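Q: The sequence and its predicted three-dimensional model are supplied below.
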There are 2 protein chains.
Amino acid sequence: MTGSELTNIRSPRVKAARRLTKRAFRDRDRAFLAEGPQAVREALELPGVVVELFTTGEAEARHPELVAAAAAADVPVFRASGEVMAELAQTVTPQGLLAVCRFVHVELSSAVPYPEPGVEAARLVAVLAHVRDPGNAGTVVRVADAAGADAVLFTDASVDPYNGKCVRASAGSLFHVPVATGVTAARAAEHLKAQGMRVLAADGAGTVTLDDVDLSGPTAWIFGNEAWGLPEDILALADDVVRVPIYGRAESLNLATAAAVCLYASARAQREK
Amino acid sequence: MTGSELTNIRSPRVKAARRLTKRAFRDRDRAFLAEGPQAVREALELPGVVVELFTTGEAEARHPELVAAAAAADVPVFRASGEVMAELAQTVTPQGLLAVCRFVHVELSSAVPYPEPGVEAARLVAVLAHVRDPGNAGTVVRVADAAGADAVLFTDASVDPYNGKCVRASAGSLFHVPVATGVTAARAAEHLKAQGMRVLAADGAGTVTLDDVDLSGPTAWIFGNEAWGLPEDILALADDVVRVPIYGRAESLNLATAAAVCLYASARAQREK
């Protein structure tokens, strides 16, 4: 434990962490907040990612292994009062553990590298284009990880992957899957096609259904905003615009469930091949 | 339009509607609130469901067809001030349309009827057992509808389907799919098996994976609480406990995305047969 318990929500250290709830400060410090034992555990597994760890006494008693792992990695650990933790955490019931983490995203060319000896070509990639809801975005990162995707790309028109809701919804997967951010959809599509990937846009107005498209090869899925679907200029980038079939009377699926159905259809087709 | 614009949030009519945000009053009045043009449209398509409609002047100008449909069905329509609508609506940006609706759920034996001449046997049913998060529950209703499920059953340990967040997340599907509520998981499983359905529990600790199970026959899926999975007594009711395969490093999927993958796998297998 570094120093005495933090009890003052106006102390410089608490204020410096707290301001990372705002994107401008995240971008300036190139750092973000990860809350809860699961996210902290995953973050600590990546060397050099956790800059500092805040914990309540109660959380430390519940997760001594995480505090020990942080200390072993020379990460400063600060005991925080309940009030300070409530100030830092963005959830209604903070779980008493919060890490300040360095940005983990990589360049597009690292997330989806050009194949070369010793580097396996990407087989499944998710692209988030115009996804504005951070909870949806984080859930797509989680389902992409579960489906075995090689990378997730956030275009410049999408939400910040380091938004607190996105980090929480990803349930640790932001620390598993290579994520690139801030690329234009056009550059992403061009790069993915150059790797030999088929680029499919998921959209309720798609001309082919998921059941009719061959998913056995390397595939990149572009997912858009739930309310409006994908704009024309992005649909034009895709090799095919694919819709999830609606067998009942629902108008559509929400973004995360549509992404789950598409990504798992790909994972399955690639394994059946 | 019935009477003059409602401008007083303390008027008896506004208070009577407002209290339907609480379950005890919903159960007493056997009525609930449906917000937004999509939900109101779907509700109006079911005769006798909408008891009264509140609309702002702006929403009426945007959706004159809904106000006309309500009036044609002898549903009292009340013009509400922005302040009154904000008081009634549970969303941050209310869309200016809100219907008081009669309960739409049916008995278990109507949701999943015994097959008889002229009544098709159910092929796909979703059971929500111990689902506490209303947003997740509503999203599962929506994805069940999209996947062509015949019914959704809420067990007595699950959230109220008429919770405002559940109604919104269902995106109108609560008015499409037959929903039964308040049944015990044991009674639901017994009834489903008596219809010849195979009962599968979706759980990350499942002994078989989704890819290994034959989904071509009539199938009922039991979905549980995201955080804890399904309790032993419910797992014991199932013919099989099935897990969605995790190909990457995610620990699990969230409830709605897992349900999407399972229900669409069933829909696909039943159509391929």
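A: Yes, it's here. Residues are numbered from 1 along each chain as shown, chains lettered A, B, ... in the order given.

Q: neighbours around residue A:6, how many?
A: 21 (other Cβ atoms under 10 Å in any protein chain shown). Heads up, the C-betas are built off the backbone N, CA and C, glycines and all.

Q: actually residue A:251, sorry about that
A: For residue A:251, using other Cβ under 10 Å, the count is 15.

Q: Contact partners for it?
A: A:204, B:38, B:171-172 (Cβ atoms under 8 Å, 6 or more residues apart in numbering or on different chains).

Q: So which of those residues sit within helices?
A: residue B:38 (DSSP state H).

Q: what's the closest of the contacts of residue A:251 to residue A:44?
A: Nearest to residue A:44 among those is residue B:171, at 38.7 Å by Cβ to Cβ.

Q: So what does that closest one have for phi and psi?
A: phi 50, psi 40 (degrees, to the nearest 10).

Q: same question, residue A:140
A: According to degrees, to the nearest 10, residue A:140 has phi -70, psi -40.

Q: nearest residue to it other than its sequence neighbours?
A: Residue nearest to residue A:140 in three dimensions, not counting chain neighbours: residue A:259, with 4.7 Å by Cβ to Cβ, 6 or more residues apart in numbering or on different chains.

Q: The one you found falls within a strand, correct?
A: No: applying DSSP: H, G, I helix; E, B strand; the rest coil, one finds residue A:259 to be helix, outside a strand.

Q: residues touching it, list them.
A: A:126, A:139-140, A:143-144, A:202, A:221, A:223, B:257.

Q: That one and residue A:149, how far apart?
A: 10 Å (Cβ to Cβ, to the nearest Å).

Q: what touches both of the two?
A: Common contacts of residue A:259 and residue A:149, defined by Cβ under 8 Å, 6+ apart, comprise residue A:126.

Q: and the nearest residue to residue A:237 once chain neighbours are set aside, helix, strand or coil?
A: Computed as Cβ to Cβ, 6+ apart, the closest residue to residue A:237 that is not its neighbour in sequence is residue A:189, at 4.0 Å. Following three-state DSSP, residue A:189 is assigned to helix.

Q: residues near residue A:189, how many?
A: 25.

Q: Give the full set of residues in contact with it.
A: With the criterion set at Cβ under 8 Å, 6+ apart, residue A:189 makes contact with A:127, A:199, A:220, A:222, A:237-238.

Q: mind running it again at 10 Å?
A: Neighbouring residues of residue A:189 by Cβ atoms under 10 Å, 6 or more residues apart in numbering or on different chains: A:127, A:129, A:153, A:155, A:183, A:197, A:199, A:201, A:220, A:222, A:234, A:236-239.

Q: ChimeraX command to pick out the buried ones of the residues you listed?
A: Listed next is the ChimeraX selection for buried residues among those, using 16 or more other Cβ atoms under 10 Å in any protein chain shown:
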select /A:127,129,153,155,183,197,199,201,220,222,234,237,238,239
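
Q: The contacts of residue A:259 in strands, which ones?
A: A:126, A:202, A:221, A:223 (DSSP state E).

Q: Can you add distance to residue B:133, pLDDT and neighbour count and give those back as TSV?
A: Below are the ones in strands among the contacts of residue A:259 laid out as TSV (distance: Cβ to Cβ, whole Å; pLDDT from 0 to 100; neighbours: other Cβ atoms under 10 Å in any protein chain shown):
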residue	distance to residue B:133	pLDDT	neighbour count
A:126	24	98	28
A:202	25	95	26
A:221	26	97	28
A:223	23	95	28
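
Q: mind listing the helices in the stretch 51-200 of chain A by residue range?
A: Assigned helices in the stretch 51-200 of chain A, in chain order: A:57-62, A:64-72, A:82-88, A:108-111, A:134-146, A:164-170, A:185-194 (criterion: DSSP state H, counting those that start in this stretch).

Q: Among those helices, show me which one is buried the most.
A: Comparing those by mean neighbour count (mean count of other Cβ atoms under 10 Å in any protein chain shown), helix A:134-146 ranks first with a mean of 27.

Q: Centre of the chain to that one, how far?
A: Offset of helix A:134-146 from its chain centre (Cα atoms, centre = their mean, to the nearest Å): 6 Å.

Q: and it, what other elements does it pack with?
A: Counting contacts by 3 or more Cβ pairs under 10 Å, 6 or more residues apart in numbering or on different chains; DSSP states H and E, helix A:134-146 is packed against strand A:124-128, strand A:151-155, helix A:164-170, strand A:219-223, helix A:255-272, helix B:255-272.

Q: looking at the ones you listed, which is closest to residue B:159?
A: Using Cβ to Cβ, the nearest of the helices and strands packed on helix A:134-146 to residue B:159 is helix B:255-272, at 11.4 Å.

Q: May I see the buried residues of the closest one?
A: B:255-270.

Q: quick one, what contacts residue A:262?
A: A:126, A:143, A:147, A:200, A:202, A:210, A:213, A:215, A:219, A:221, A:223, A:242-244, A:253, B:260, B:264.

Q: repeat that with 6 Å
A: A:202, A:221 (Cβ atoms under 6 Å, 6 or more residues apart in numbering or on different chains).

Q: how much space between it and residue A:232?
A: 20 Å.

Q: now swap in residue A:209 and tell me
A: Distance from residue A:209 to residue A:232, by Cβ to Cβ: 20 Å.
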